[in-house]
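Student: Requesting a structural model of the entry that follows:
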Amino acid sequence: MKNGTEHDMTQGAVAVPLIGFTIPLVLGNFFQLFYNAADSIIVGRYVGERALAAVGTSTPVMNLVILLISGLCMGASILMSSQFGAGNYEQLSRQISTTLLSGCGFSIGFSVLTILVSEPLLRLIQVPKEVMPDALAYLRIIFIGILFTFIYNFLANTLRALGDSKTPLYFLVASAILNVLGDLLFVAVFGWGVAGSAISTVLSEASSCLFCALYIRKRVPLLCLGKRWFVFDKRLMKKTISYGSTSAMQQVCLQIGKTIIQAVVNTQGVSVMAAFTAVNRVDDFAYIPQQNIGHAMTTFIAQNKGAGKKKESAGDFRVESGLNWYMV
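Tutor: Residues are numbered from 1 along each chain as shown. Below you'll find the predicted structure:
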């Protein structure tokens, strides 16, 4: 069932495969941040300070939603990694289909909800009246694309669960380039302002979904489920919610703090909001490496736990202890 696109991390030494798996994750998150930075740079350059403030003040709320979905997908990928490591492909396929079906349903409902509560959320974080129209337009367009956000994160985390962290990186790079080109087209050429930037982001996310789906269809037979894509397992669903909710809460904790800080900044005026946005874009890059080391360890631990690996050396004993702690 395995082919060259999957990477079994239950064999051999720990350091080399773990480092090789981590580097694409780090690079991928850099490009993910490049998405937001490109929006801010182009909007600030071609529209102005007020538009930059609107994008900046919307970002913490947007990131809360994105990180929540990303965390849910990461939680599901822990189970997928364990099933892959154990060679239990039947359960793996049921896990994948159950996660996709439930996730799509959740994303559609969540998209409608977030669109409806966008204005109250922006008022809660004290967005100034002069910035509100642009911030609201940006946020609502982004939330229309929540389904694309989920599908990409689901497919990317599924590939990573099979040990492939490079392929999602390639698609993210392509998507980031499309986002920049779209920003330039919609903002600088068509003059659509903040809304144009949001439309470019949604379209580039949709392209990531398409690239991943086409790649999986042609290159990853293990994930070509056919009719099995429509299998829904309630028992696996409960377990997925348990893992996914824990991972999601871990992801959003830092962002909640940033949202609170943003609410304070929003009381200081448009100029301060724009300056804070610019500084925050730089700050976002600082915690990426250590965060992704943890994500890489998650996949490594889950695959080895699924395979029932017992390590012998002192260093490997620490890894085995981590397996038992994380997978309780």
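
Student: Going by length in residues, pull out the top helix of this protein.
Tutor: Longest helix of the chain, by residue count under DSSP state H: helix 49-86.

Student: The next helix or strand after it: which residues count as buried?
Tutor: Per DSSP states H and E, helix 49-86 leads on to helix 89-124 as the next helix or strand towards the C-terminus. For helix 89-124, the neighbour count (16 or more other C-beta atoms under 10 Å) marks 91-103, 106-107, 110-111, 114-115, 118, 121-122 as buried. Backbone N, C-alpha and C define where each C-beta goes, glycine included.

Student: isn't Gln262 right up against Ser58?
Tutor: No: in this structure, Gln262 is not within contact of Ser58 by C-beta atoms under 8 Å, at 9.4 Å.

Student: Tell me which of the two has more neighbours.
Tutor: Ser58 (29 against 23; other C-beta atoms under 10 Å).

Student: my read: that one touches Leu122, true?
Tutor: Yes: in terms of C-beta under 8 Å, Ser58 counts as a neighbour of Leu122; the distance is 7.4 Å.

Student: Spell out which residues are contacts of both of these two.
Tutor: Common neighbours of Ser58 and Leu122, using C-beta atoms under 8 Å, 6 or more residues apart in numbering, are 135, 139.

Student: what sits against Thr267?
Tutor: Contacts of Thr267 by C-beta under 8 Å, 6+ apart are Gln126.

Student: So which residues of this structure form helices?
Tutor: Going by DSSP H, the chain shows helices at 15-46, 49-86, 89-124, 132-144, 146-161, 166-183, 193-219, 234-265, 270-283, 288-307, 314-326.

Student: Quick check: which ranges of the protein have low pLDDT?
Tutor: Along the chain, the model assigns pLDDT under 70 to residues 1-17, 35-36, 281-297, 299-300, 307, 309-328.

Student: center of it - which residue?
Tutor: Central residue of the chain (C-alpha atoms, centre = their mean): Ser70, 4.0 Å from the mean position.

Student: For that one, which non-adjacent residue is spatially closest?
Tutor: Distances taken as C-beta to C-beta, 6 or more residues apart in numbering put Asn153 closest to Ser70, at 5.0 Å, once the chain neighbours are dropped.

Student: In contact with the residue nearest to the centre of the chain: list those residues for me.
Tutor: 153, 248, 251.

Student: Quick check: the first one touching Cys73?
Tutor: Yes: judged on C-beta under 8 Å, Asn153 makes contact with Cys73 at a distance of 4.2 Å.

Student: do you know how far Ser77 is from Val131?
Tutor: Ser77 sits 37 Å away from Val131, going by C-beta to C-beta, to the nearest Å.

Student: And for Ile23?
Tutor: Ile23 sits 39 Å away from Val131, going by C-beta to C-beta.

Student: With only the CA atoms kept, save stretch 124-143 in CSV.
Tutor: Coordinates of each C-alpha in stretch 124-143 appear next as CSV, following Å, rounded to 0.1, in the frame of the first residue of the first chain:
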residue,chain,number,x,y,z
LEU,A,124,-15.7,43.8,20.6
ILE,A,125,-12.0,44.6,19.8
GLN,A,126,-12.9,48.3,19.5
VAL,A,127,-12.2,48.8,15.8
PRO,A,128,-12.5,52.6,15.0
LYS,A,129,-15.5,53.6,12.9
GLU,A,130,-13.3,54.9,10.1
VAL,A,131,-11.7,51.5,9.7
MET,A,132,-14.7,49.3,10.3
PRO,A,133,-16.1,49.2,6.7
ASP,A,134,-12.8,47.9,5.2
ALA,A,135,-12.1,45.6,8.1
LEU,A,136,-15.6,44.1,7.9
ALA,A,137,-15.3,43.6,4.1
TYR,A,138,-11.9,41.9,4.4
LEU,A,139,-13.0,39.6,7.2
ARG,A,140,-16.3,38.5,5.6
ILE,A,141,-14.6,37.6,2.3
ILE,A,142,-11.9,35.7,4.2
PHE,A,143,-14.6,33.8,6.1
